[in-house]
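Peer 1: test case, fold it:
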Amino acid sequence: MTSPVWHPFTQHGLNEPIPHVVRAEGALLHLADGSTLIDGISSWWVTTHGHCHPRIAAAIAQQAGQLDQLIFAGYTHEPAETVARGLIEIAPYAPGCDPLAHVFFSDSGSTAVEVALKMALGYWHNLALDGLAEARSRILVLEHGYHGDTIGTMSVGERGVYNAAWAPLLFDVCTVPFPAPGREQACLDALEAACRDKPAAFIVEPLLLGAGGMLLYPPPVLREMAAICRRHDVLFIADEVMTGWGRTGTLFACEQAGVVPDIMAVAKGITGGAIPLAATLATARIFEAHRSSDRARLFYHSSSYTANAIACAAAVANLAIWREEDVRGRIAALTDGIATRLAELAAHPAFAHPRQLGTIAAIDIVTADAGYLSDLAPRLRAFFLRHGLLLRPLGNTIYLMPPYCIDTEQLDCVFAALVAAGDHFSA
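Peer 2: Modelled structure (predicted):
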């Protein structure tokens, strides 16, 4: 019987097989036919400690029998309060920078970024109402960026085939060139020039652009980006949805540059990947610009499931795991393991441009048909599926982002499959 399900980022006209997963544990997915897959991308970058982590699963079960859902407009509950305090405690901090001090909950990375954009525009709008500043509405973005698939997040992301159908709905932005090797100063000069026109905010994925091709840039560039924004009083928004929760080797990527953003979006690994939750963190000045005795000036954003108690309980458990277990040690070991194997893979003539940041690694398979819509992508997905792997290349770019619990044998299997793919598709 044909399934009625419409899957995301899936062209159903290609009739590609859709594996039926019935169970998961650690880095493994168990399929209905009895086979298993190694989850090499943490099921779209969300699963940090491994699937069905016992502490997180137990927290979800306990909370489900106590308080499942509560309207969060004017009400609160302890799981949300605990998560908010925990996020503020672990947020990036640097002397001389205003700390992140307030947490607004939502339910996905796209929504967390939408909230960040609305906070930034609301900040300038309210200052203008009080006669404290000129109104600002322009957003600066980084070339090749990706921030989600809602209208606002598509507007601040790279334009292309994946959002062309909705172009009439997208608002205009000013794009700063990506700081590719040798082009770092051109990026910074362009940002400096754009900031002179008094935009509202500049949004970046810190250190690594994900869906834009797993593109890296160094911490000093991120640090100078933030400094330029500070000099011109432009709000600096860090989208840590993908880079957060240890993926880049530190808890948040901003830490590597000593940067504290004015607004920071987090999601994905906030619950260890078990259940949807997101948050947008802001400094006190952003919050205070919205606080008023005038009810018309409240922050107009919400969703029915804001700060869902079950999701927050999962996040509380995740924060406890980070405090009480050697997660950073696992990340360091996995980073080293990937680095050793990636160096060996880079010698293969089928591959080019190996790159790594923490537990994230990427490499391009050499083909005349390069790019996001490369015909190689579906063939690579099918190849890896036959070899017992869940990998989802971005065109001809193969990337890895495994859960931190992946063991040595499983990691060897992943890289053996990459070698086999190089042999097969270069033949």
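Peer 1: mind showing which ranges of the stretch 201-350 of the chain have poor pLDDT?
Peer 2: Applying pLDDT under 70 to the stretch 201-350 of the chain flags no residue at all.
Peer 1: which stretches in it count as helices?
Peer 2: Ranges of helices within the stretch 201-350 of the chain are 219-231, 284-290, 309-324, 327-345, based on DSSP state H, counting those that start in this stretch.
Peer 1: and the contacts of the longest one?
Peer 2: Residues external to helix 327-345 that are found in contact with it (C-beta atoms under 8 Å, 6 or more residues apart in numbering): 48-49, 246, 249, 321, 351, 354, 356, 358-359, 361, 363, 400, 402, 404-406, 408, 411-412, 415, 418-419, 422. C-beta here means a position set from N, CA and C on the backbone, and glycine is covered the same way.
Peer 1: quick one: the helix or strand just after it to chain centroid distance?
Peer 2: Going down the chain from helix 327-345, the next helix or strand is strand 351-357, by DSSP states H and E. Computed by C-alpha atoms, centre = their mean, to the nearest Å, the separation of strand 351-357 from the middle of its chain amounts to 20 Å.
Peer 1: show residues contacting strand 351-357.
Peer 2: Here strand 351-357 has contacts from 207-208, 214, 216, 247-249, 335, 338-339, 342-343, 345-346, 361-366, 422, using C-beta under 8 Å, 6+ apart.
Peer 1: quick one: pLDDT of the residue lying closest to residue 388 once chain neighbours are set aside?
Peer 2: Nearest non-adjacent residue to residue 388, counting by C-beta to C-beta, 6 or more residues apart in numbering: residue 37, 5.7 Å away. pLDDT for residue 37: 98.
Peer 1: again with residue 1
Peer 2: According to the prediction, residue 1 has pLDDT 72.
Peer 1: in contact with it, which residues?
Peer 2: Going by C-beta under 8 Å, 6+ apart, residue 1 touches no other residue.
Peer 1: still on that earlier bit, buried only: go through the contacts of helix 327-345 for me.
Peer 2: Neighbour counting with 16 or more other C-beta atoms under 10 Å marks 48-49, 246, 249, 321, 351, 354, 356, 358-359, 361, 363, 400, 402, 404-406, 411, 415, 418, 422 as buried within the contacts of helix 327-345.
Peer 1: mind listing what residue 223 touches?
Peer 2: Applying C-beta under 8 Å, 6+ apart, the residues contacting residue 223 are 257, 258, 259.
Peer 1: just those residues now: which is nearest residue 135?
Peer 2: Nearest to residue 135 among these is residue 259, at 26.6 Å by C-beta to C-beta.
Peer 1: separation between that closest one and residue 95?
Peer 2: Distance, residue 259 to residue 95, using C-beta to C-beta, to the nearest Å: 12 Å.
Peer 1: do you know how far the residue nearest the centre of the chain is from residue 265?
Peer 2: Among the residues of the chain, the one closest to the centroid is residue 242, at 1.8 Å (C-alpha atoms, centre = their mean). For residue 242, the distance to residue 265 (C-beta to C-beta) stands at 10 Å.
Peer 1: hang on, the earlier thing: which of residue 259 and residue 95 has more residues huddled nearby?
Peer 2: Comparing residue 259 with residue 95 by other C-beta atoms under 10 Å, the one with more neighbours is residue 259, at 27 against 6.
Peer 1: isn't the more buried one up against residue 238?
Peer 2: Yes: between residue 259 and residue 238 there is a contact under C-beta atoms under 8 Å: 7.2 Å.
Peer 1: show me whatever sits in contact with both of the two.
Peer 2: Among the neighbours of residue 259, those also in contact with residue 238 (C-beta under 8 Å, 6+ apart) are residue 206.
Peer 1: find the nearest non-adjacent residue to residue 51, please.
Peer 2: Leaving aside its sequence neighbours, residue 51 sits nearest to residue 24 (C-beta to C-beta, 6+ apart; 3.6 Å).
Peer 1: wait, a strand at that neighbour?
Peer 2: Yes: Residue 24: assigned to a strand according to DSSP: H, G, I helix; E, B strand; the rest coil.
Peer 1: what about it, how many neighbours?
Peer 2: 17.
Peer 1: that one pairs with what?
Peer 2: Following DSSP bridges, residue 24 is listed with bridge partners residue 29.
Peer 1: pLDDT value on it, please?
Peer 2: Model confidence at residue 24 (pLDDT) stands at 98.
Peer 1: hang on, isn't residue 128 packed against residue 134?
Peer 2: Yes: Residue 128 is within contact range of residue 134, at 6.2 Å (criterion: C-beta under 8 Å).
Peer 1: quickly list the domain ranges of the protein.
Peer 2: 12-53+326-425, 67-324 (automatic domain parsing).
Peer 1: ok, which of those comes nearest residue 59?
Peer 2: Across the domains of the chain, closest to residue 59 is domain 67-324 (C-beta to C-beta), at 3.8 Å.
Peer 1: quick one: that closest one to chain centroid distance?
Peer 2: Using C-alpha atoms, centre = their mean, the offset of domain 67-324 from its chain centre is 10 Å.
Peer 1: how long is that domain from one end to the other?
Peer 2: End-to-end span of domain 67-324 (C-alpha to C-alpha, to the nearest Å): 26 Å.
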